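Asker: Attaching a predicted model along with its sequence, questions to come.
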Amino acid sequence: MTKHLTLLRPDDWHLHLRDGEYLRAVLPDTARRFARAIIMPNLRPPVTTTQLALAYRERIVAALPAGARFEPLMTLYLTDNTPPEEIAAARASGRIHAVKYYPAGATTNSDSGVTDLGKCRRVLEAMEKHRMPLLVHGEVTDPDVDVFDREKVFIERVLEPLVERYAGLRIVMEHITTREAAQFVSAAPPRIAATVTAHHLLMSRNALFAGGMRPHLYCLPVLKREAHRLALIEAATGGSPKFFLGTDSAPHARHTKETDCGCAGIYSAHAGIELYAEAFAAADALDRLEGFASRHGPQFYGLPVNEATITLARQPWPVPAELAYGGDTLVPLRGAGTVAWQLV
């Protein structure tokens, strides 16, 4: 049994850092484990321009712990009114690596998202031209579609036509949760990829209701059936360069989760690589974790693979029941439990 595992330092290709005191509270967890991260732009107000993205990047860099070596990879928030000229400016900055598409109302802080992709035709064409990836929250928001089917319906109604119409557009379907998504990405052209979270690899929707309602396991897209979890395990551990690590770690103050209308999001940055090691070890695929965590993402984004390494030990450690979060607290994934692997 493997007791120690050394990997090229991984990157996180889907991360929420928030801002201000909340940013300062959570950033050290990510910076300790990952060399780079794609930073989500769904602040309030959202990061819709190159100027705003670069200013946000400066705040992130200023909040890094002394001696930390971490690079934030910035994104823009796509709206119905994003001008195509903004894509050229973003590419020219050298700091902005993608544009995020939230269907309006799909998840936390998505109110300013896209109401109709038809309104984004010119900006999508500009993204093709400048090879700027589109990062997709892949769910429809129609109230008549069951919450557990929204990813599948999104693929049929939105993603398939999008891939066909914009033949040069690079797309990442983020935090996939279903067999259908894994199959779609696997069969799609090389310009289509996907991120997979640790929590969707480790849990099915049964975890949401284990002994009662578990608000800190509520995320969007929501956890799915066990059959879908197994399909994600197969995709993530199968060695395909189309699938790579994206934690979707999303911090929320405890009181905003434990309420009559709790926020969607799971905080996992405190064990951002260790939880993936658990999932890959359970699938007897630790030899493929480095590809998934450290190689596939840079290859898709056209960035160099990191040269530094990290080492993980198969040594259980206790997760605090809650963590400081600015003036509040948050409950991390596995809070008051244990994680089987530890960063040395």
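Answerer: Structure's in. What do you need?
Asker: need the strands for the stretch 151-300 of the chain, in chain order.
Answerer: With DSSP state E, counting those that start in this stretch, the ranges of strands along the stretch 151-300 of the chain come out as 171-173, 192-196, 243-245.
Asker: Who are the contact partners of Asp116?
Answerer: By Cβ atoms under 8 Å, 6 or more residues apart in numbering, Asp116 lies in contact with Asp80. In short, each C-beta sits where N, CA and C put it, glycine included.
Asker: Kindly provide the distance from it to Ala282.
Answerer: The spacing between Asp116 and Ala282, counted by Cβ to Cβ, to the nearest Å, is 42 Å.
Asker: hang on, the earlier thing: tabulate the strands of the stretch 151-300 of the chain (a markdown table), appending mean pLDDT and mean neighbour count.
Answerer: What follows is those, written out as a markdown table (pLDDT from 0 to 100; neighbours: other Cβ atoms under 10 Å):
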| stretch | mean pLDDT | mean neighbour count |
| --- | --- | --- |
| strand 171-173 | 98 | 26 |
| strand 192-196 | 99 | 26 |
| strand 243-245 | 99 | 26 |
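Asker: Any idea which of these gets closest to Thr30?
Answerer: Nearest to Thr30, of all the strands of the stretch 151-300 of the chain, is strand 243-245, at 12.0 Å by Cβ to Cβ.
Asker: strand partners of that closest one, parallel vs antiparallel please.
Answerer: With DSSP bridges as the test, strand 243-245 is paired with strand 192-196 (parallel).
Asker: Just give me how far the partner strand sits from the chain centre.
Answerer: 10 Å (Cα atoms, centre = their mean, to the nearest Å).
Asker: So what touches that strand?
Answerer: By Cβ under 8 Å, 6+ apart, strand 192-196 touches 13-14, 163, 170-176, 181-182, 184-185, 232, 235-236, 241-246, 248, 296, 300.
Asker: out of those residues, which are inside helices?
Answerer: Mapping the contacts of strand 192-196 onto helices (DSSP state H) picks out 163, 181-182, 184-185, 232, 235-236, 296, 300.
Asker: Redo those residues as CSV? Include neighbour count.
Answerer: Shown next, in CSV, are these (neighbours: other Cβ atoms under 10 Å):
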residue, neighbour count
Val163, 18
Ala181, 26
Ala182, 25
Phe184, 22
Val185, 22
Leu232, 24
Ala235, 23
Ala236, 32
His296, 24
Phe300, 22
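Asker: Name the nearest of these relative to Thr82.
Answerer: Val163 (19.9 Å).
Asker: any idea how far Ala193 is from the closest one?
Answerer: For Val163 relative to Ala193 (Cβ to Cβ), the value is 12 Å.
Asker: Equivalent analysis for Pro41, please.
Answerer: 19 Å.
Asker: try Gly262
Answerer: Distance from Gly262 to Ala193, by Cβ to Cβ: 31 Å.
Asker: pLDDT wise, what is Gly113 at?
Answerer: Looking at Gly113, its pLDDT is 89.
Asker: Quick one: neighbours of it, just the number.
Answerer: 22 (other Cβ atoms under 10 Å).
Asker: Next: the one 10 residues further on.
Answerer: Other residues lying near Val123 total 25 when counted by other Cβ under 10 Å.
Asker: which secondary structure elements does the helix or strand where it lies contact?
Answerer: Using DSSP states H and E, the element containing Val123 is helix 121-130. With contacts defined as 3 or more Cβ pairs under 8 Å, 6 or more residues apart in numbering; DSSP states H and E, helix 121-130 has these neighbours: helix 85-93.
Asker: what does the helix it packs on contact?
Answerer: 48-50, 53-54, 76, 96, 99, 123, 126-127, 129-132.
Asker: Now for the residues you listed: which two are most distant?
Answerer: Maximum distance among the contacts of helix 85-93 (Cβ to Cβ): 21.4 Å, for Leu54 and Lys129.
Asker: so where is the chain shaky, pLDDT-wise?
Answerer: For the chain, applying pLDDT under 70 flags the ranges 109-110.
Asker: just the contacts of helix 85-93 now: which is nearest Ala66?
Answerer: Nearest member of those to Ala66, counting by Cβ to Cβ, is Leu54, at 22.8 Å.
Asker: hang on, that closest one in a helix?
Answerer: Yes. Counting by DSSP: H, G, I helix; E, B strand; the rest coil, Leu54 is part of a helix.
Asker: quick one, helices of the chain?
Answerer: 20-33, 50-63, 85-93, 121-130, 150-154, 160-165, 179-187, 198-202, 226-237, 254-257, 274-282, 289-290, 296-301.
Asker: got these as a markdown table, with distance to Arg9 columns?
Answerer: Output for the helices of the chain, formatted as a markdown table (distance: least, Cβ to Cβ, whole Å):
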| stretch | distance to Arg9 |
| --- | --- |
| helix 20-33 | 8 |
| helix 50-63 | 18 |
| helix 85-93 | 24 |
| helix 121-130 | 28 |
| helix 150-154 | 31 |
| helix 160-165 | 32 |
| helix 179-187 | 25 |
| helix 198-202 | 17 |
| helix 226-237 | 19 |
| helix 254-257 | 31 |
| helix 274-282 | 14 |
| helix 289-290 | 10 |
| helix 296-301 | 11 |
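Asker: Okay then, goodbye and thanks.
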